[in-house]
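A.B. asks: quick one, fold the following:
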Amino acid sequence: HQGKGVFLLIQENAKQILKKQGAALIYGLPNDLSHPIFTKKLDFFSIKCMLTRIPNIPLIRDLWFKNLASLQSSSAKVLKPNEYQVSSLKKNVNSEIIEIAHNESYLWGKMESRNKFGIRLTIFNIGGMQIKSKQDLSAMLTKIYSFGCHFIEIYSCKSNLNNNFFRFWQVSSTHRFIFFYLNLPEDAIINFNLMRGVSDTF
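C.D. replies: Model (predicted):
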């Protein structure tokens with residue numbers, strides 16, 4: 001059925017159904033093929049996905065963290081997913097999802113192995129996080145490093161407030177976030193605290 005506009009019809013019907021059911025918005029991380037369709041034909045707007053990789057080298061890894069004691073935001077215009085709920089759903093598909101909590105902070109993700117220049121690297125890919133303080137974050141990352149990974153990898157929406165804890169961000173060439181408001185005004189949300197874990201391919 002390619003070339004018959006089926007994909008567009010499915011998406012437009014989804015908008016109508018979800019709007020009637022009271023859904024606030026639709027979001028996702030499309031691939032390079034579908035991204036232009038969502039943004040140019042289906043009126044989704046796009047926000048860049050940012051990437052940082054933190055090496056497990058004790059003498060330099062602290063350079064990646066900003067001296068931020070806590071992250072307080074008085075703005076109500078923040079989309080904060082329930083990371084416990086998201087990780088629970090992911091564990092139904094991948095039993096190897098790792099969860100780490102410290103005080104009121106929490107993060108989750110998974111280990112991945114990759115070959116780079118003939119070297120096998122182990123990477124902890126963070127799927128999502130909710131952070132109360134730098135101290136909590138530091139304690140949880142120390143736990144991740146104890147697993148023996150070579151890098152911690154973070155893909156995050158550019159407007160994610162938690163990005164403020166880290167340095168050395170670069171724009172991802174493989175991921176980008178898209179959004180379509182259903183029952184919200186266009187200025188309803190300023191910061192989307194979303195990470196790669198919300199993708200159905202994580």
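
A.B. asks: so how far is residue 44 from the closest residue to residue 145 other than its chain neighbours?
C.D. replies: Of all residues not flanking residue 145 in the chain, residue 56 sits nearest, at 5.1 Å (C-beta to C-beta, 6 or more residues apart in numbering). Quick note: C-beta positions are derived from backbone N, CA and C, even for glycine. Distance, residue 56 to residue 44, by C-beta to C-beta, to the nearest Å: 37 Å.

A.B. asks: count of neighbours near the residue nearest to residue 145?
C.D. replies: By the criterion of other C-beta atoms under 10 Å, residue 56 has 19 neighbours.

A.B. asks: what of residue 27?
C.D. replies: For residue 27, the neighbour count with other C-beta under 10 Å is 19.

A.B. asks: check contacts around it.
C.D. replies: 177, 178, 179, 180, 192, 194, 198 (C-beta atoms under 8 Å, 6 or more residues apart in numbering).

A.B. asks: any idea of the pLDDT on the residue nearest to residue 145?
C.D. replies: For residue 56, the model assigns a pLDDT of 95.

A.B. asks: in this protein, which spans are strands?
C.D. replies: Counting by DSSP state E, the segments of the chain that form strands are 25-28, 45-55, 78-79, 98-102, 105-116, 119-130, 151-157, 170-181, 191-192.

A.B. asks: and the second one, which residues are buried?
C.D. replies: Looking back up the chat, that one is strand 45-55. Within strand 45-55, the residues that count as buried by 16 or more other C-beta atoms under 10 Å are 47, 49, 50, 51, 52, 54.

A.B. asks: restrict that strand to CA atoms and write it as CSV.
C.D. replies: Extracted in CSV, the C-alpha atoms of strand 45-55 (Å, rounded to 0.1, in the frame of the first residue of the first chain):
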residue,chain,number,x,y,z
PHE,A,45,6.9,20.5,15.6
SER,A,46,10.3,19.3,16.3
ILE,A,47,12.8,19.8,19.1
LYS,A,48,16.4,18.8,18.8
CYS,A,49,17.7,15.7,20.7
MET,A,50,21.0,16.3,22.5
LEU,A,51,23.7,13.7,23.2
THR,A,52,26.5,13.5,25.7
ARG,A,53,28.8,10.6,26.6
ILE,A,54,30.6,10.5,29.9
PRO,A,55,33.7,8.4,30.0
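
A.B. asks: and that strand, what other elements does it pack with?
C.D. replies: Under the contact definition 3 or more C-beta pairs under 8 Å, 6 or more residues apart in numbering; DSSP states H and E, strand 45-55 sits against helix 35-40, strand 151-157, strand 170-181.
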